[in-house]
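A.B. asks: Just to be clear, the model below is a prediction. Sequence and coordinates:
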Amino acid sequence: METEDLPKKRKKESSHWWEGDQEDQSSIKWMSLEHHGLFFPPLYQPHGVPLVYNGEPIYLTPEQEEIATMWASVVGTEWETKEIFRKNFESSFLKILGENHKIKSLNGCDFKGISMHIESQRELKKLRPSEEKKTEREAKQKIIEEMGYAIVDNTREKISNIIVEPPGLFRGRGQHPKGGNIKGRLAPEDITINIGKRNKVPICPLPGHSWKFITHNNTTTWLAFYEDPELSFSSKKYVYLSAASKFKGLSDKLKYEKAKKLKEMIDEIRADYNKKILSDSSVNKQLGSALYLIDKLALRVGNEKTEDEADTVGCCSLRVEHIKFEKNHQITLDFLGKDSMRYFNTVQIVPEVYNNLKEFCKGKEKENDLFDLITAHTLNGYLRSFMHGLSAKMFRTYNASISLQQQLAKFKAKNQSVEEKVQFYTDANREVAILCNHQKSTPKNFEGMIEKLQEKLKEKLEDIRILEDHMKFIKTGRNSVDTERKLPCTEENTKKALAKAKTAVKNMEIKLKMKDDNKTIALQTSKINYMDPRITVAWCKKNEVPIEKVFAKTLRAKFIWAMYAETTWEF
DNA sequence: CTTTAAACTTAGTACGGATACC
DNA sequence: GGTATCCGTACTAAGTTTAAAG
C-alpha cells in the first residue's frame, strides 16, 4: 500500500504498539473512538417470476417473493433435501404467505422458474465486460476506503466488515435444529453503535431511519452489534476492527505469551493432574483424566449446549457412546466436535486414565456424560489455580506451537530449494492441523483431478521407458525404438532427457501424494489461530525462506507484531 | 452455587480474481 | 487467449471464557 496516495486527513496508521511495553492490560480499551457506522445490503428487487404450485403459477407479493427466492437459491444443493431445513423453512414460509393462501405445503411448490431466473442473472453478471466489473470493484473499494476505517485514539484502523448480514436462510452446520429459519432484513433500528463520548455520531445511511442506540462503552472493543429479532435463538453479532488492528494484534500477542508461560509450567501441571488421576476423590479423578485428554489430544473443553444447537461435544461433554475401549490401553474416540466435524481417533493412553475412563462408564447409559461430575467451568477453575487467566483452550495453543517448533527444529539445511523448504514447513504445519483436527471437505471434482494427474504420470513413465530403450539402441545399435516421438540423437542428450523425465516423475509423485494427504486437512486454521507466528518468522529468517512464501498478505498484516522475531527466537 | 449472557476467538465454506496451463 | 485450477478473502457460524445475575 502506498501511503502517500491516501487522503490527507488520514490519521497515522498503525502505532507500532508492539515495540513498547504491553503489560498494561487495564479494562479501558480506548479514549476516543470514531467511525462511520454500518451499511446495509441493497433492498430486494422483485423479479415477478411466479412460483408454480401443483402446476399453477402463483404470483407473490414482493415480501413473499423475497422469501421464495431465498429457497430457490438453495434448490439443487444439499440444503434442499435436509429434513429439518425443509421443515423449518416451510413453516416460516407458510406463515408469511398467510392462513388463507393457496399454497399449503413446500412439497407442492416448484421453484424451478425462480432458480433459473437467479441462475441467468448470475450468468449475466459474470458475462459483463471486464471494464464494468472493474469499475464496480473500484467503487466498492472506494466505499471501504472512505467508510471502512475507524479512528481509535488517533490511529486509523480497518474495520472487519461494515455491511450488516443480508437476509437469507440460516445455514447451521450439521444437524442444526434451527437450519432453514429465515434471517430477516436488518434495519438501523436493530443496530447499537459504540463510539467515544466526544465523537461524532455516525450518519445513518438509510433516510428516515435511525440507530437503535448509541453507547460509549470504552471497556469493550466492538464498534457495533445487532441481533436478528426474528431469529430468537441467534446470538449477538459484533462488529470489530480487522485482524491487523492493535486491539486484535495485542490480544493475539498476549495469547501467545500466555501459551509460552504455560510451557514454563507444563511439567508442574502435568505432575499435578497425574496425581489427581490417582486421587481417591471421583471429582479429582475426572478433572485429572479430562485434562489429560485435553493436553494429550488437544481436545476442546466442551461446554454444555442447549437444544437449539447442533448436538456436538468437546472433552467435558463427551458421552459414554463416544468412547470405545480397545486392547493395549487404547481408546477410540468418535464424536462430532465444533462445526459438526467428526473426531475419530484411536490412541493409546496411560493405563491409569484408561482404567479411570472405564470406571466412569460403569453403570451408565450410552447417552450419559462420561465426565458427569465436572464441567468446562470447573475444569477452567482448576486451571486458574496454576496461573492467572489459564484456561483449557490454551493447551491447544501451547501444543500446536510447541509441536511446530519441534518439527521445524528437525530441519537440516543442505542446499534445498525454497520449494523444498516450504514443503518441509507445510509438513510440519500438517502435523499440527491433524493434532487439532482441522478439516475441510474434499474439493469438488477431486477424483477427476487426481485421475488427470495420474494420467500425466503414466505418460511420463512411458516416456522414460522409451528413452531407456532408445539408450540401449544408441549403445548397442540393435532394436531401434519404434515411436512417433522425437528422440535425442546423442547419448549425452538422451541421458539428459532421461534425467529430466525422472525428476518430473518424482515431482509429480510428490505432488500427487501431497494432494491426497491434504485433501481433507485444513492447514490455514492452525496458521491463523494456533501456531505462534514468531516460530515461523524465526525459522524462515534462519533458513532464508521469504516470509511471503508461508504467510499470505493478510497473515503478514495480522502478524505484523511478529515480523521482528530474530533467528534465535524461541517459543 | 447455577444460569445467563456479553464479548471475544476459532472455524469451515462460498466465491471470485489470479495464475497456471494448454 | 481461453479455460481449469489455485488461492485469498469475505462471510458468518460456532465455539470458549468470564463476569454478572438469579
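C.D. replies: Received, thanks. Every value quoted in this text rests on a predicted model; they were computed, and no experiment measured them.
A.B. asks: Let me see the ranges of the strands in the stretch 1-150 of chain A.
C.D. replies: Here the stretch 1-150 of chain A has its strands, by DSSP state E, counting those that start in this stretch, at A:12-13, A:33-34, A:51-53, A:56-58, A:109-110, A:149-152.
A.B. asks: Go ahead and list the helix or strand containing A:Ala310.
C.D. replies: Assigned by DSSP states H and E, A:Ala310 belongs to no helix or strand.
A.B. asks: Contact residues of the stretch 251-400 of chain A facing DNA strand C?
C.D. replies: Residues of the stretch 251-400 of chain A lying close to DNA strand C by C-beta under 7 Å from any atom of the strand are A:300-303, A:305, A:309-310, A:312, A:314, A:337-340, A:376-377, A:380, A:384, A:389, A:391-394. (C-beta placed from N, C-alpha, C; glycine too.)
A.B. asks: Break chain A into its domains for me.
C.D. replies: Following automatic domain parsing, chain A resolves into domains at A:3-17+A:131-165+A:182-245, A:278-391, A:410-562.
A.B. asks: And the last one, end to end?
C.D. replies: The straight-line separation of the ends of domain A:410-562 (C-alpha to C-alpha, to the nearest Å) is 22 Å.
A.B. asks: do the same with the second one
C.D. replies: Taking C-alpha to C-alpha, the first and last residues of domain A:278-391 lie 22 Å apart.
A.B. asks: In chain A, where is pLDDT below threshold?
C.D. replies: Applying pLDDT under 70 to chain A flags the ranges A:1-14, A:21-26, A:232, A:484-486, A:507, A:510-511.
A.B. asks: let's see it at 50
C.D. replies: A:1-10 (pLDDT under 50).
A.B. asks: Near DNA strand B, which residues of it are found?
C.D. replies: Contact residues (C-beta under 7 Å from any atom of the strand) of chain A with DNA strand B: A:29, A:77, A:122, A:133, A:137, A:173, A:217, A:219-222, A:225, A:235-236, A:238, A:240, A:248, A:251-252, A:255, A:300, A:338-339, A:341, A:377, A:393, A:396-397, A:436-441, A:456, A:522, A:525-526, A:529-530.
A.B. asks: which of the residues you listed count as buried?
C.D. replies: A:29, A:221-222, A:225, A:240, A:248, A:252, A:255, A:300, A:341, A:393, A:396-397, A:436-439, A:522, A:525-526, A:530 (16 or more other C-beta atoms under 10 Å).
A.B. asks: from these, which ones fall inside helices?
C.D. replies: Those of those mapping onto helices are A:248, A:252, A:255, A:393, A:396-397, A:525-526, per DSSP state H.
A.B. asks: now, the most widely separated pair of these?
C.D. replies: Farthest pair in those (C-beta to C-beta) is A:Lys248 and A:Arg396. Separation: 18.6 Å.
A.B. asks: what number of residues lie near A:Pro188?
C.D. replies: 20 (other C-beta atoms under 10 Å).
A.B. asks: Now it: closest residue in space, sequence neighbours ignored.
C.D. replies: Excluding its sequence neighbours, the residue lying closest to A:Pro188 (C-beta to C-beta, 6 or more residues apart in numbering) is A:His209, at 4.1 Å.
A.B. asks: Can you name the residues that contact that neighbour?
C.D. replies: By C-beta atoms under 8 Å, 6 or more residues apart in numbering, A:His209 lies in contact with A:187-189.
A.B. asks: And the residue in the stretch 1-150 of chain A that DNA strand B sits nearest to, how far from DNA strand C?
C.D. replies: Nearest residue of the stretch 1-150 of chain A to DNA strand B (C-beta to the nearest atom of the strand) works out as A:Lys133 at 5.2 Å. Computed as C-beta to the nearest atom of the strand, to the nearest Å, the A:Lys133 to DNA strand C distance reads 14 Å.
A.B. asks: That residue and A:Leu124: what is the separation?
C.D. replies: Applying C-beta to C-beta, to the nearest Å, the value for A:Lys133 to A:Leu124 is 12 Å.
A.B. asks: Then A:Ile269?
C.D. replies: Counting by C-beta to C-beta - A:Ile269 and A:Leu124 are separated by 60 Å.
A.B. asks: Pick out whichever of those two has more residues nearby.
C.D. replies: In terms of neighbours (other C-beta under 10 Å), A:Ile269 is the more surrounded of A:Ile269 and A:Leu124; the figures are 19 against 9.
A.B. asks: Phi and psi next, for A:Thr346.
C.D. replies: Note on A:Thr346: its backbone torsions stand at phi -110, psi 130 [degrees, to the nearest 10].
A.B. asks: Please give me every residue in contact with it.
C.D. replies: Neighbour list for A:Thr346: A:326, A:330-333 [criterion: C-beta under 8 Å, 6+ apart].
A.B. asks: One more pass at 7 Å, please.
C.D. replies: A:326, A:330, A:332 (C-beta atoms under 7 Å, 6 or more residues apart in numbering).
A.B. asks: Okay, and the beta partners of it?
C.D. replies: A:Thr346 forms beta bridges with A:Thr332, as assigned by DSSP bridges.
A.B. asks: Could I get the full set of helices for the stretch 201-350 of chain A?
C.D. replies: For the stretch 201-350 of chain A, the helices defined by DSSP state H, counting those that start in this stretch cover A:246-277, A:282-297.
A.B. asks: buried residues in the last one?
C.D. replies: To tie it back to what came earlier, the one meant is helix A:282-297. A:284-297.
A.B. asks: The longest one now?
C.D. replies: Residues of helix A:246-277 classed as buried under the neighbour-count rule (16+ other C-beta under 10 Å) are A:246-250, A:252-253, A:255-256, A:258-263, A:266, A:269, A:272-273, A:276-277.
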